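Q: sequence unknown, structure follows:
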């Protein structure tokens, strides 16, 4: 086994860790954001609960392939025609939806902060639980319709790729070189004889999954940072405790949202750029496939990091989790103490 294969084998176990942490973290976030009274009335948490769902779904296709291919030589989309259509569709649909929900969450958060009764911002369709659900539903539907062509056309054509193979044979103590045509079928990725979903989809993915959300997040993150800094300055001159408390609450959630969206921009951009713009250049490198693997792993680490990001940057979320961990710990200890007493 070469050094490259060894590194590839080691990296192949990262997706399993990503799935385990992502499954635990995203499901926990979903239940907290949707069913806890402390969070379920905040519009941004509606967006994040939807993000948690689609982030979890996104971990079970290409990410899982990074484990299955090196260890079992299995690629999920190549199993049959159904898997070819559904795996590629779910992967791209979930990534596009997650990214665009995050970008709209930034818009919603900015409008929520600036919204004062009677102002221009208060008339915009943002800043309420109802509007958050509507936007999440609209984005989900738009991304579904935008990618439905994959379900309809992908894998409809089986491409036969012919390659020249040179074989060396010994005949009458003399080596002869025989040229043969080797046929290889590709059962996925083809819409027709001339149309292949990739690399075109890599460029579309870069625009829909990265460039558009990136631009929206960048603009509104800057606006959120400016608003937070201005609120910090104005809070120095406020004596009203209720107003100060409101500003602090807004600041905590805003910092958490900025942190999550910045993590998205930093961790997912290298993978999309490498596949969308530099695929040929990186493929020609000696360790090109290894670089693609690393970029992809980094990208999927983001989609499993919602819980950890919220725990680190959101004080309210962290206190809520620690409080419930403490309660659970006391309940478990009490249960075992009672069990020991009964036995004795």
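A: Good, I have the coordinates. Please read all numbers here as calculations on a predicted model, not as lab measurements.

Q: Tell me the confidence at residue 2?
A: Looking at residue 2, its pLDDT stands at 63.

Q: other SSEs contacting whichever strand or helix holds residue 264?
A: Taking DSSP states H and E as the criterion, residue 264 maps to helix 241-276. For helix 241-276, the packing partners by 3 or more CB pairs under 8 Å, 6 or more residues apart in numbering; DSSP states H and E come out as helix 43-58, helix 81-114, helix 200-205, helix 212-235, helix 288-302, helix 306-313, helix 315-343. Quick note: C-beta positions are derived from backbone N, CA and C, even for glycine.

Q: Tell me which of those approaches residue 5 most closely.
A: helix 288-302 (9.9 Å; CB to CB).

Q: Low-confidence ranges, the protein, go.
A: Applying pLDDT under 70 to the chain picks out residues 1-4, 160-184, 231-248, 344.

Q: one more time with 50, if that's ok
A: Of all residues in the chain, none has pLDDT under 50.

Q: How is it divided into domains?
A: As recorded under automatic domain parsing, the domains making up the chain are 3-153+198-335, 155-196.

Q: Among these, show me which one is buried the most.
A: domain 3-153+198-335 (a mean of 17; mean count of other CB atoms under 10 Å).

Q: thinking again about what came up before, so for residue 341, which of the domains of the chain sits nearest?
A: Going by CB to CB, the one of the domains of the chain nearest residue 341 is domain 3-153+198-335, 10.7 Å.

Q: Pull the distance from that closest one to the chain's centre.
A: Here domain 3-153+198-335 shows a centroid-to-chain-centroid distance of 5 Å under the convention CA atoms, centre = their mean, to the nearest Å.

Q: so what's the residue lying closest to residue 187 once chain neighbours are set aside up against?
A: Closest residue to residue 187 apart from its sequence neighbours, by CB to CB, 6 or more residues apart in numbering: residue 158 at 5.4 Å. Residue 158 makes contact with 185-187, 190 under the criterion CB atoms under 8 Å, 6 or more residues apart in numbering.

Q: Mind picking the one among those that's closest to residue 8?
A: residue 186 (22.3 Å).

Q: Ramachandran coordinates for that closest one?
A: phi -120, psi 110 (degrees, to the nearest 10).

Q: Also residue 196?
A: The phi/psi pair for residue 196 (degrees, to the nearest 10) is phi -120, psi 140.
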